[in-house]
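Visitor: Sequence first, predicted model second:
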Amino acid sequence: MTPIGVNTWVWVSPLTDADLARLAPRIAGWGFDVVELPVERPGDWDPHRAADVLAEHGLRASVVLVMPPGRELVASDAVAGTQDYLRHCVDVAAAVGSPVIAGPAYASVGRTWRMEAGEREKVYAELRENLLPVLHHAGERGVRLAVEPLNRYETSVLNTVEQALDALPAECGLALDTYHLNIEEKDPARAVRLAGERVAHVQVCGTDRGTPGQDRFDWPGFVLALGAAGYTGPLVIESFTAHNRAIAAAAAVWRPLAPSQDALARDGLAFLRTL
């Protein structure tokens, strides 16, 4: 059975040790297999304590990187610091047993600028060069980097699977998110098939960023495409709470997306199990 996970952003931001201790038994009790742990700032939560909490409740981990303003791998003087942060995320993933770190490891979310073809080629070349030390560090620790294309309103660097395949080193995986796929891909299932074995992590939510299944997304076709691509990792529900000002603004969540955050997680899990 496909593992199903949920990101702690459904409830809180930033994650703390106390939050995880409170959420883990509920998440396990509902029947999830995986908890996704965002590394917003190094030190927000202790990876060794997290590993113990998850083990106590029979849960596995996935780790997501976070790119706020000031974290950049292209067209910036902040590259070295961003590489240090990404290497830290790799170390966190190794500590909690996550096989991946996933996210938009190229530019801060919300940073957009118009690029002509020549500039885009230079940006992609710079991205490849600046990812290599992180990929080397990840490879030494048995962790795979999964880079996530975002929609046009959140980045102008990588919006589609085709762009990601063009821009990223061959050893770099892809993280696919149904919210972004629904906006940018003419056929999300075809995009999955194009990514093929490069698919390293998958996040899911409804097309309104709410509960998966309470929308018009072609979920059966999407899951069949993942199977054809050979993906065996988890489907992780990533949504956000409107009750946290910082994360609501970052994710443009201006209203509740479900009757409650618990309902979003439970109903999403129940739907995904039917697939």
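Guide: Perfect, thanks for sending it. These numbers come from a predicted model, not from an experiment. Residues are numbered from 1 along each chain as shown.
Visitor: all contacts plus neighbour counts: C-alpha atoms, from now on.
Guide: OK.
Visitor: Please work out which residues outside the least confident helix or strand in the chain by mean pLDDT touch it.
Guide: In the chain, the helix or strand scored least confidently by mean pLDDT, DSSP states H and E is helix 245-251, which has a mean of 78. Applying CA atoms under 8 Å, 6 or more residues apart in numbering, the set of residues contacting helix 245-251 from outside is 13, 240-242, 253-254.
Visitor: Same check on stretch 10-27?
Guide: 8-9, 35, 37-38, 40, 44-46, 49-50, 53-54, 57, 238-241, 244, 246-247, 261, 265.
Visitor: Tell me how far Glu116 lies from Val123.
Guide: 11 Å (CA to CA, to the nearest Å).
Visitor: Comparing these two, which residue is more hemmed in?
Guide: Legend: neighbour count by other CA atoms under 10 Å for Glu116 and Val123, higher for Val123 (19 against 8).
Visitor: separation between that one and Leu54?
Guide: Taking CA to CA, one finds Val123 at 39 Å from Leu54.
Visitor: now Val109
Guide: Taking CA to CA, one finds Val109 at 29 Å from Leu54.
Visitor: Counting neighbours, go ahead and name the busier of those two.
Guide: Using other CA under 10 Å as the criterion, Val109 and Leu54 rank with Val109 on top: 23 against 20.
Visitor: dump the residue contacts of the closest residue to the more buried one other than its chain neighbours.
Guide: Using CA to CA, 6 or more residues apart in numbering and skipping residues adjacent in sequence, the residue nearest Val109 is Glu154, 5.3 Å away. Taking CA under 8 Å, 6+ apart, we find Glu154 in contact with 109-112.
Visitor: Among the residues you listed, name the buried ones.
Guide: 109-110 (16 or more other CA atoms under 10 Å).
Visitor: now, which of the contacts of Glu154 sits nearest Pro133?
Guide: Set against Pro133, the nearest of those by CA to CA is Val109 (21.8 Å).
Visitor: The closest one belongs to a strand?
Guide: No - counting by DSSP: H, G, I helix; E, B strand; the rest coil, Val109 is not part of a strand but coil.
Visitor: Can you check the pLDDT for it?
Guide: According to the prediction, Val109 has pLDDT 95.
Visitor: can you give me the helices in the stretch 1-150 of the chain?
Guide: If DSSP state H, counting those that start in this stretch is used as the criterion, the helices of the stretch 1-150 of the chain fall at 17-30, 47-56, 79-96, 117-140.
Visitor: Quick check: which of those is buried the most?
Guide: Of the helices of the stretch 1-150 of the chain, the one with the most neighbours on average (mean count of other CA atoms under 10 Å) is helix 79-96, at a mean of 21.
Visitor: re earlier: now render the helices of the stretch 1-150 of the chain as CSV, adding mean pLDDT and distance to Glu197.
Guide: CSV is the format used below for those (pLDDT from 0 to 100; distance: least, CA to CA, whole Å):
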stretch, mean pLDDT, distance to Glu197
helix 17-30, 98, 29
helix 47-56, 98, 28
helix 79-96, 98, 21
helix 117-140, 98, 17
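Visitor: of all these, which lies closest to Phe222?
Guide: The closest of the helices of the stretch 1-150 of the chain to Phe222 is helix 17-30. By CA to CA, the value is 24.2 Å.
Visitor: And that closest one, how far out from the chain middle?
Guide: Mean C-alpha position of helix 17-30 versus that of the full chain (CA atoms, centre = their mean, to the nearest Å) differs by 20 Å.
Visitor: Could you tell me the angle between that helix and helix 47-56?
Guide: Calculated by axes from the mean of the first three to the mean of the last three CA atoms, to 10 degrees, helix 17-30 forms an angle of 20 degrees with helix 47-56.
Visitor: residues touching Trp254, list them.
Guide: Taking CA under 8 Å, 6+ apart, we find Trp254 in contact with 242, 248.
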